[in-house]
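[1] no letters, just coordinates:
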Ligand SMILES: Cc1cc2nc3c(=O)[nH]c(=O)nc-3n(C[C@H](O)[C@H](O)[C@H](O)COP(=O)(O)OP(=O)(O)OC[C@H]3O[C@@H](n4cnc5c(N)ncnc54)[C@H](O)[C@@H]3O)c2cc1C
């Protein structure tokens, strides 16, 4: 496999290559990893950290407003001395810019209006798994693999799970009994996980809601998101540690 490093072209020899380089992964330009199909779903998200020392926000807040943002939602995550306030939306649904939506959301809230912006962060978030997870000696994990919940855009839990399974497959391939073909086991094992099943279900629900929206102009996204959070809450009450 060839790689370009710091502007120069070098031959890199490795028994295993882990692509953990996010939504714009180099894997997309690497032989064997299919480019994503046209119409691939993804979110763009923007988050501002607002100074708020000793704030008394009791919990995480999520707000879906189908009129302003038919396929997306805003959030407030209270931290020790600041608030992370963000907003995401599906890129394929036209609407106002994220900067405008986020500014309007902040201005609409008395408890956020006027707070100093410490930093902003924006990025693309994939909303569905990559069709090919391993090729040659390469594996995709995290956002590079599209291991993100398509309804919420949350990628931490699924990303960590994919990294964990990839690490086991690599260790077995490099030091264990399976040999180099062992990394193929990664894709099979990942597709058997609860997280991967949840991504598939959430993706199907999202595509159904998009089809309804395109035919009727009505967005079912707020209901889907609400249903997802209620299911996640119930699962955690029955012992699930993550969802
Ligand atoms: C605003 C925002 C808020 C979010 N909030 C949440 C949340 O609350 N909960 C949640 O679960 N998820 C959240 N997500 C999604 C979550 O951030 C991602 O799913 C997660 O960070 C993916 O991790 P990753 O390591 O796969 O990719 P990334 O975090 O994108 O990391 C990839 C790394 O690879 C580096 N890289 C890329 N290309 C190269 C290269 N060619 N050479 C060297 N390095 C390279 C990048 O610089 C980066 O450091 C949020 C995303 C955004 C944009």
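    Happy to help now that I have it. Note that the structure is predicted; figures quoted are calculated from it, not measured.
[2] neighbours around the spatially closest residue to residue 40 that is not a sequence neighbour, how many?
    Nearest non-adjacent residue to residue 40, counting by C-beta to C-beta, 6 or more residues apart in numbering: residue 128, 6.8 Å away. Every C-beta, even on glycine, is put in place using the N, C-alpha and C of the backbone. Around residue 128 there are 21 other residues, counting by other C-beta atoms under 10 Å.
[3] for the helix ranked longest in the chain, buried residues please.
    In the chain, assigned by DSSP state H, the helix with the most residues is helix 194-216. Of the residues in helix 194-216, those buried by neighbour count under the rule 16 or more other C-beta atoms under 10 Å are 195, 196, 198, 199, 202, 203, 205, 206, 209, 210, 213.
[4] which bits of this structure sit near the ligand?
    20-22, 26, 45, 47, 86, 121, 123, 125, 142-144, 148, 154-156, 159 (C-beta under 6 Å from any ligand atom).
[5] in helices only, show me those.
    Going by DSSP H, the helices hold 156, 159 from the residues of the chain next to the ligand.
[6] among the residues of the chain next to the ligand, which ones are buried?
    20, 22, 45, 47, 86, 125, 142, 143, 144, 148, 155, 159.
[7] what's the spacing between the residue nearest to residue 106 when sequence neighbours are not counted and residue 225?
    The shortest distance from residue 106 to any non-neighbouring residue, by C-beta to C-beta, 6+ apart, is to residue 112 (4.7 Å). Distance of residue 112 to residue 225, computed by C-beta to C-beta, to the nearest Å: 21 Å.
[8] next: residue 231.
    For residue 231, the distance to residue 225 (C-beta to C-beta) stands at 11 Å.
[9] so residue 125 sits against residue 45, correct?
    Yes: if you go by C-beta atoms under 8 Å, residue 125 and residue 45 touch, sitting 5.6 Å apart.
[10] and for the two, which residues touch both?
    By the contact definition C-beta atoms under 8 Å, 6 or more residues apart in numbering, residue 125 and residue 45 are jointly contacted by 88, 153.
[11] how is this protein partitioned into domains?
    Annotated domains of the chain cover 14-36+128-237, 42-126 [automatic domain parsing].
[12] let's have those domains in TSV, adding mean pLDDT.
    As requested, the domains of the chain are arranged in TSV below (pLDDT from 0 to 100):
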stretch	mean pLDDT
domain 14-36+128-237	91
domain 42-126	94
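[13] for the closest residue to residue 41 other than its chain neighbours, give me its contacts.
    Residue nearest to residue 41 in three dimensions, not counting chain neighbours: residue 127, with 4.0 Å by C-beta to C-beta, 6+ apart. Each residue near residue 127 by C-beta under 8 Å, 6+ apart is listed here: 41, 42, 43, 90, 146, 148, 150, 153, 203, 206.
[14] can you add distance to residue 235 and give the buried residues of helix 194-216 back as TSV?
    Putting the buried residues of helix 194-216 into TSV (distance: C-beta to C-beta, whole Å) gives the following:
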residue	distance to residue 235
195	12
196	16
198	10
199	15
202	14
203	19
205	16
206	19
209	21
210	25
213	27
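[15] all strands for this protein, in order.
    Here the chain has its strands, by DSSP state E, at 2-5, 8-11, 17-19, 42-51, 61-63, 72-78, 82-90, 117-126, 134-135, 138-140.
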